[in-house]
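**Student:** Return a 3D structure for these sequence lines:
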Amino acid sequence: MPVEDQLARAARVARRALRLRCPRCGETPLFRGWFAMAPECRFCGLRYERAQGYFVGAIYINYGVTTVIAVGGYFILWSRAGISTAAQFAIWIPFLVAFPLWFFRYSRSLWLALEYFVNPEQ
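**Tutor:** Residues are numbered from 1 along each chain as shown. Sure thing, here's the model as predicted:
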């Protein structure tokens, strides 16, 4: 498959992931509520959780994004605004609690999209 087609496919799958939709067809929402994920797509039949522990990769995505934002944000605030470490605790502790909960659905969606992009025949 030509590189242009691969890039277009990757962009399409990424858009669907960011909209929290099925990576194969884009028709069905992945979640029913905040944390409850549908078992499969009602439109195309793609199974979302393929095995026990399938979404461990999503935990890594969530942790990685949270860490990059918090550590990068700490150094930016420290160098640009001169905010002390003690004062930054008041900023970053609530962020480190709230952001992973909010990003949970996106990390699962991105993990599913990545796996679908690499292995579309599942």
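**Student:** Tell me, how many residues neighbour the closest residue to residue 32 other than its chain neighbours?
**Tutor:** Once flanking residues are discounted, residue 32 sits nearest to residue 38: 5.7 Å by CB to CB, 6 or more residues apart in numbering. Quick note: C-beta positions are derived from backbone N, CA and C, even for glycine. Burial of residue 38 is recorded as 14 neighbouring residues (other CB atoms under 10 Å).
**Student:** so what's residue 38 up against?
**Tutor:** By CB atoms under 8 Å, 6 or more residues apart in numbering, the residues touching residue 38 are 28-32, 48.
**Student:** And residue 112, by the same measure?
**Tutor:** Residue 112 makes contacts with 17, 23, 30, 48, 58, as judged by CB under 8 Å, 6+ apart.
**Student:** Am I right that the fourth one is in contact with residue 36?
**Tutor:** No. Taking CB atoms under 8 Å as the contact criterion, residue 48 and residue 36 are not neighbours in contact, 11.6 Å apart.
**Student:** what about those two, which has more around it?
**Tutor:** Shown here are residue 48 and residue 36; by other CB under 10 Å, residue 48 has more neighbours (20 against 7).
**Student:** can you give me the strands for the chain?
**Tutor:** Using DSSP state E, no strands are found in the chain.
**Student:** tell me, what residue is most central in it?
**Tutor:** Centroid-nearest residue in the chain: residue 107, 2.1 Å away (criterion: CA atoms, centre = their mean).
**Student:** Give me the helices and strands touching the lowest-mean-pLDDT helix or strand in the chain, please.
**Tutor:** None of the helices or strands of the chain scores lower by mean pLDDT, DSSP states H and E than helix 3-18, at a mean of 92. Identification of packing neighbours for helix 3-18 by 3 or more CB pairs under 8 Å, 6 or more residues apart in numbering; DSSP states H and E yields helix 85-118.
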